[in-house]
Structures are given as structure tokens and as C-alpha cells.
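**Student:** Predicted model, plus sequence, below.
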Amino acid sequence: MISWIPRMLGVVLMGGACLATQPASADSKTPPYWASISAAEARMRVGPSLDYPSNWVYQRRDMPVKVVQVLGNWRKIEDPDGIQGWMHVRLLSDAATALVKDIAADMRNSRSDDAPLLYRAEKGVVGRVSDCAQGWCRFDVGGKGGYVRASSLWGAVK
């Protein structure tokens, strides 16, 4: 007997969803720590002031970044490609997000490679992460969620 599994389970999630965010804390965290971009457009600068030129403009709300240094209202961040620069704290959020770093990440019904496949998220998809344990994280992209191996993600997965 051959059982049929609907092909809809392999739906591919693309792009970044607009997730609710909370403001980044002022100086309460000690680097390194995870943050996410809270603005639709955020400029990374070569130094910690508006007087310094922008070296990157991010147009990816909720993209995870690692804060590696704090100087007043400025945060030195590192993006998923390892590029570092300075960003004003008002452009960052404490929302726990991650980015798919593998070609694709299977989103499963529970923390198991044998659990039913719900979705497949492509490289570069950004989502909210929570409930990370046993090498798996709950990953939500625009209301579609499942458990993803933490090793497939870059961001707040620890």
C-alpha cells in the first residue's frame, strides 16, 4: 500500500515578513547580544555618529544582527555576512529573529527529523524564533511556523 503525502507540505516561504517588534534596550545588555533591525530602512555607518558616512543601507526589517559593542546610543553590529559597522539604537529591536543560512530549512511539526514536514523555508528567509531547546527552535514566518534545526539558522537561537 502506498500512502500519499500532500505536496502542499513542501510550501516554500520566501521573503521576510513584517514582525511586531519592541524597542531595543538602552544600555542594559552586555555585548555580544542579538538584536534585529526595526526600521524599513536602516543605515550602517563607519563610525558612531551621524557625521560618519553610511557604508550599508539595510532594507530588511527584522533582520538579525549581533551587537558587538555599545557606545552611548550607538551599537556596533555585525550582519549575517560578517560585515561590521555602527547603527543608532532607535533602528534596532530586541525581537528575537533569525535568518535561514542553509539552502533550505525544513519546518517540522515537532523537534524531530521524523516529525511531519510543514513548510520549507529558503535561504535568506527571516522569522521570529522562540522555544529553542535540544538543537531546535520554533521558527515563525508571517504566522506560518514550525520547528527548525538551530544549526540551519543565524541569529538569536541560543
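**Tutor:** That came through, no problem. Residues are numbered from 1 along each chain as shown.

**Student:** Please count neighbours and contacts with C-alpha atoms only from this point.
**Tutor:** Fine.

**Student:** what's the least confident helix or strand in this protein, going by average pLDDT?
**Tutor:** One helix or strand of the chain scores below all others by mean pLDDT, DSSP states H and E: strand 12-13, with a mean of 38.

**Student:** Run through who's touching the following helix or strand past it.
**Tutor:** Using DSSP states H and E, the helix or strand that follows strand 12-13 in sequence is strand 33-37. With contact meaning CA atoms under 8 Å, 6 or more residues apart in numbering, strand 33-37 is reached by 24, 60-68, 91-97, 155-156.

**Student:** mind running it again at 6 Å?
**Tutor:** 61-67, 91-94, 156 (CA atoms under 6 Å, 6 or more residues apart in numbering).

**Student:** Of the residues you listed, which belong to strands?
**Tutor:** 64-67, 92-93 (DSSP state E).

**Student:** Quick check, central residue of this structure?
**Tutor:** In the chain, the centroid-proximal residue (CA atoms, centre = their mean) is Ala98; its distance is 2.3 Å.

**Student:** sorry, back to before: now render the contacts of strand 33-37 as JSON lines, adding pLDDT.
**Tutor:** JSON lines is the format used below for the contacts of strand 33-37 (pLDDT from 0 to 100):
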{"residue": "Arg61", "pLDDT": "92"}
{"residue": "Asp62", "pLDDT": "95"}
{"residue": "Met63", "pLDDT": "97"}
{"residue": "Pro64", "pLDDT": "98"}
{"residue": "Val65", "pLDDT": "98"}
{"residue": "Lys66", "pLDDT": "98"}
{"residue": "Val67", "pLDDT": "98"}
{"residue": "Leu91", "pLDDT": "98"}
{"residue": "Leu92", "pLDDT": "98"}
{"residue": "Ser93", "pLDDT": "97"}
{"residue": "Asp94", "pLDDT": "95"}
{"residue": "Ala156", "pLDDT": "95"}
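
**Student:** For Leu117, give its distance to Val148.
**Tutor:** Distance of Leu117 to Val148, given as CA to CA, to the nearest Å: 10 Å.

**Student:** So these two - more neighbours on which side?
**Tutor:** Val148 (29 against 20; other CA atoms under 10 Å).

**Student:** wouldn't that one be in contact with Met107 here?
**Tutor:** Yes: at 5.1 Å, Val148 counts as touching Met107 under the criterion of CA atoms under 6 Å.

**Student:** give the contact list for the residue nearest to the centre of the chain.
**Tutor:** 64, 126-127, 153-156.
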